[in-house]
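S.K.: Sequence and predicted structure below; questions after.
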Amino acid sequence: MGSTRRRFTDEYKAEAVGFVIEGNRSIAEVARNIGVHEMTLGKWVKKERDARAAAVPADAPLIESERSE
């Protein structure tokens, strides 16, 4: 028997991504804590980081958290 694919709301994804980006926690740690696969959370984080990068002009100064990455 196949397993049922889980669906997550946009709000749930945003909160999980926030734990990684704003909370400075690892993808692995957050994924374990919320019960999703690391690759799933990693895709959500990448999508958000790409969206944020596209929204900021290339010549804009870096904020402190971006400098440390």
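M.R.: Arrived safely.

S.K.: What is the least confident helix or strand in this structure?
M.R.: When the helices and strands of the chain are scored by mean pLDDT, DSSP states H and E, helix 64-67 comes last with a mean of 60.

S.K.: Would you mind listing the outside residues contacting the longest helix anywhere in the chain?
M.R.: As assigned by DSSP state H, the longest helix anywhere in the chain is helix 38-55. By Cβ atoms under 8 Å, 6 or more residues apart in numbering, the list of residues contacting helix 38-55 from outside reads Lys13, Ala14, Ala16, Val17, Val20, Ile21, Ile27, Ala28, Val30, Ala31, Ile34. Every residue, glycine included, has its C-beta placed from N, CA and C.

S.K.: how many other residues sit next to the nearest residue to the last one once chain neighbours are set aside?
M.R.: In this structure, Ile34 finds its nearest non-sequential neighbour in Ala16, 5.6 Å apart by Cβ to Cβ, 6 or more residues apart in numbering. Ala16: 22 surrounding residues under other Cβ atoms under 10 Å.
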